[in-house]
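Peer 1: got a predicted model here, sequence first, then my questions.
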Amino acid sequence: MRLSEHLDENVTNLNEILNLDSNFDIIRKGITIAGRDACIYFIDGFLEEAIMEKLLEFFYKLKPEEMPMTAKQMIDHVVPYVEVTAIEEEELLTQSLLSGITCLLIDGYDTCIGLDCRSYPMRGVDEPSKDKALRGSKDGFVETVVFNTALIRRRIRSPKLSMEILTAGKSSRTDIVLCYMQDRVDRKLLREIRGRINAIKVDALTMNQESLAECIYDRKWFNPFPKFKFTERPDAASAAILEGNIVVLVDNSPQAMIVPTSIFDIVEEADDYYFPPVTGSYLRLTRFLIALITLLLTPVFLLLFQNPQWIPPWLSFIQIKDAINVPIVWQFLMLELAIDGLRLAAINTPSMLSTPLSVVAGIVLGQFTVDSGWFNAEIMMYMAFVAIANYTQSSYELSYALKFMRLIMLVLTSLFDLWGFLIGLLITVVAVVGNKTIAGKSYIYPLLPLNLTQLKKRFLRLRLKE
């Protein structure tokens with residue numbers, strides 16, 4: 001519904017739509033501008049008071065002969081502010097107001113003047129606690145999407161960089177920004193993602209990025225390997241944009257979602273590029289190797305335990321020497337569950353108690369459980385390595401995908417011995433190879449289809465070229 005030229009009619013309609021009597025933080029202030037009645041609507045807590053004070057001072061000084069005929073002329077030639085928009089529909093006015101924009105209605109104008117002088121509550125752009133790097137910048141994304149786009153703009157000063165804003169959620173009207181380079185992006189993928197976001201029919205994106213990911217990629221939910229790469233680092237997001245990818249920012253989320261994403265993209269980290277090529281290549285290859293070891297270590301040990309004749313003499317020391325009171329496979333499964341329990345406990349433990357409680361938990365689960373006969377020392381050692389090695393991956397999704405595959409291999413190996421191990425390995429390979437990116441392309445490109453030039457770049461950190 002379009003706005004009216006009569007201020008009283010607009011105010012009556014807006015008060016009813018906004019339920020003004022029941023919302024203390026939606027404030028309406030009546031003023032007079034050049035002899036005309038006017039009204040300002042704003043959200044308490046979103047308003048930059050210093051800017052608004054200067055604007056009100058200017059409006060009070062306007063003379064009747066200085067008032068233009070239309071709101072458009074008022075915006076273009078009179079209002080002394082940069083971020084000003086014309087709003088002609090009640091629905092758009094309501095959405096803008098609830099987003100934090102100050103709305104100015106003047107009697108005689110059938111258009112609202114939107115003054116974007118928002119000031120969101122926010123924390124500092126400190127380095128993210130999970131996505132750290134030994135070198136490089138120490139800033140990180142925050143929950144305000146405008147500041148996140150500014151962090152990317154600071155790094156890519158090109159007119160080809162586009163930041164397209166969309167909204168999703170019937171009630172939340174969450175802002176979603178697509179960041180891409182116009183001359184490098186896959187246009188077909190861009191149209192597809194834009195169409196999927198516009199087609200979202202949900203009440204709200206309650207879980208921000210995860211809710212959006214589930215809405216735009218709704219197939220193969222049972223495959224645990226991640227379809228998206230998430231980062232809280234502006235430098236990593238900027239590098240992805242320059243490579244031709246699309247970065248999706250969601251308001252109220254400090255993470256950027258990178259699409260499309262292969263498993264090689266997920267394994268990469270910022271430190272690979274902040275060190276010289278030799279060091280960066282070593283770090284990347286080490287990360288690949290440790291990921292493979294965490295997947296296979298405990299199933300291979302269980303397979304060798306069930307078939308001791310396969311153990312060569314020079315590895316005879318790996319055999320369990322103490323009495324086994326609990327079957328090996330059950331020890332592994334219980335420790336997998338216990339590690340996740342400790343991880344959840346650490347998240348919910350007050351910071352001042354996390355260190356002493358971690359020490360106590362380590363002692364109890366380490367020495368005491370071995371002495372009591374529940375676990376063998378060798379099992380504890382292997383699971384301790386797996387638990388720590390999981391943190392070499394910055395992606396939680398990838399570490400849990402490897403964990404689920406490891407659990408499947410453990411169960412199948414205990415039931416069907418060598419054939420079970422091979423079946424579990426086959427399931428893992430099929431889960432990785434059969435996975436697809438959001439663009440519908442191979443999840444393990446450039447390994448399949450084979451591209452040796454790109455494959456070398458995925459495994460080795462090469463020198464930058466002009």
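Peer 2: Structure's in. What do you need?

Peer 1: confirm residue 236 sits in a helix?
Peer 2: Yes - if the criterion is DSSP: H, G, I helix; E, B strand; the rest coil, then residue 236 is within a helix.

Peer 1: what is the burial count for it?
Peer 2: 24 (other Cβ atoms under 10 Å). Yep, even glycine has a C-beta here, placed from its N, CA and C like the rest.

Peer 1: wouldn't it be in contact with residue 270 here?
Peer 2: Yes - between residue 236 and residue 270 there is a contact under Cβ atoms under 8 Å: 5.4 Å.

Peer 1: mind listing the shared neighbours of the two?
Peer 2: Common neighbours of residue 236 and residue 270 (criterion: Cβ atoms under 8 Å, 6 or more residues apart in numbering): residue 131.

Peer 1: just checking, residue 441 touches residue 260?
Peer 2: Yes - Residue 441 is within contact range of residue 260, at 6.5 Å (criterion: Cβ under 8 Å).

Peer 1: more neighbours: those two, which one.
Peer 2: Set residue 441 next to residue 260 and count neighbours by other Cβ under 10 Å: residue 260 wins out with 22 against 13.

Peer 1: distance of the more buried one relative to residue 440?
Peer 2: 9 Å (Cβ to Cβ, to the nearest Å).

Peer 1: for this protein, longest helix please?
Peer 2: Criterion DSSP state H: the longest helix present in the chain is helix 396-433.

Peer 1: after that one, next one along is what?
Peer 2: The C-terminal neighbour of helix 396-433 among helices and strands, as given by DSSP states H and E, is helix 452-459.

Peer 1: so which residues make contact with that next one?
Peer 2: Here helix 452-459 has contacts from 264, 281, 284, 285, 288, 445, 446, 447, 462, using Cβ under 8 Å, 6+ apart.

Peer 1: and stretch 304-313, by the same measure?
Peer 2: 303, 318, 319, 320, 328, 413, 414, 417, 418.

Peer 1: of these, select the buried ones using a PyMOL command.
Peer 2: Buried residues among the contacts of stretch 304-313 (16 or more other Cβ atoms under 10 Å), as a PyMOL selection:
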select buried, resi 303+328+413+414
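
Peer 1: mind putting the contacts of stretch 304-313 into TSV with pLDDT and distance to residue 118?
Peer 2: Compiled in TSV, the contacts of stretch 304-313 are given as follows (pLDDT from 0 to 100; distance: Cβ to Cβ, whole Å):
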residue	pLDDT	distance to residue 118
303	95	60
318	87	62
319	88	66
320	88	63
328	93	59
413	96	57
414	95	58
417	93	64
418	95	63
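
Peer 1: show me which pair in the contacts of stretch 304-313 is furthest apart.
Peer 2: 320 and 418 (19.5 Å; Cβ to Cβ).

Peer 1: what about this structure, any weak spots by pLDDT?
Peer 2: 219-220, 351-366, 368, 464-466 (pLDDT under 70).

Peer 1: tell me who's in contact with the residue positioned nearest the centre of it.
Peer 2: In the chain, the C-alpha nearest the mean C-alpha coordinate belongs to residue 255, at 3.3 Å (Cα atoms, centre = their mean). Residues in contact with residue 255, defined by Cβ under 8 Å, 6+ apart, are 141, 208, 209, 230, 231, 232.

Peer 1: domain parsing for the chain?
Peer 2: Using automatic domain parsing, the domain parsing of the chain gives 7-115, 145-261, 275-433.

Peer 1: right, so these: which one is the most enclosed?
Peer 2: Among those, domain 145-261 has the highest mean neighbour count (mean count of other Cβ atoms under 10 Å), at a mean of 18.

Peer 1: one step back: of the contacts of stretch 304-313, which is the nearest to residue 64?
Peer 2: Looking across the contacts of stretch 304-313 and measuring by Cβ to Cβ, the closest to residue 64 is residue 413, at 87.1 Å.

Peer 1: quick check: the closest one touching residue 299?
Peer 2: Yes - using Cβ under 8 Å, residue 413 is in contact with residue 299, at 5.2 Å.

Peer 1: what do these two both touch?
Peer 2: 421, 424.

Peer 1: list phi and psi for the nearest residue to the residue nearest to the centre of the chain once chain neighbours are set aside.
Peer 2: Leaving aside its chain neighbours, residue 255 sits nearest to residue 230 (4.7 Å; criterion: Cβ to Cβ, 6 or more residues apart in numbering). Backbone torsions for residue 230, taken as degrees, to the nearest 10, come to phi -110, psi 140.

Peer 1: who are the contact partners of residue 230?
Peer 2: So residue 230 contacts 209, 255, 256, 257, 258, 395, 397 (Cβ under 8 Å, 6+ apart).

Peer 1: then residue 150?
Peer 2: Residue 150 touches nothing, counting by Cβ under 8 Å, 6+ apart.

Peer 1: quick check: phi and psi on it?
Peer 2: phi -70, psi -40.

Peer 1: distance to residue 431 added to the contacts of stretch 304-313, as a markdown table?
Peer 2: What follows is the contacts of stretch 304-313, written out as a markdown table (distance: Cβ to Cβ, whole Å):
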| residue | distance to residue 431 |
| --- | --- |
| 303 | 20 |
| 318 | 29 |
| 319 | 32 |
| 320 | 31 |
| 328 | 25 |
| 413 | 17 |
| 414 | 20 |
| 417 | 22 |
| 418 | 20 |
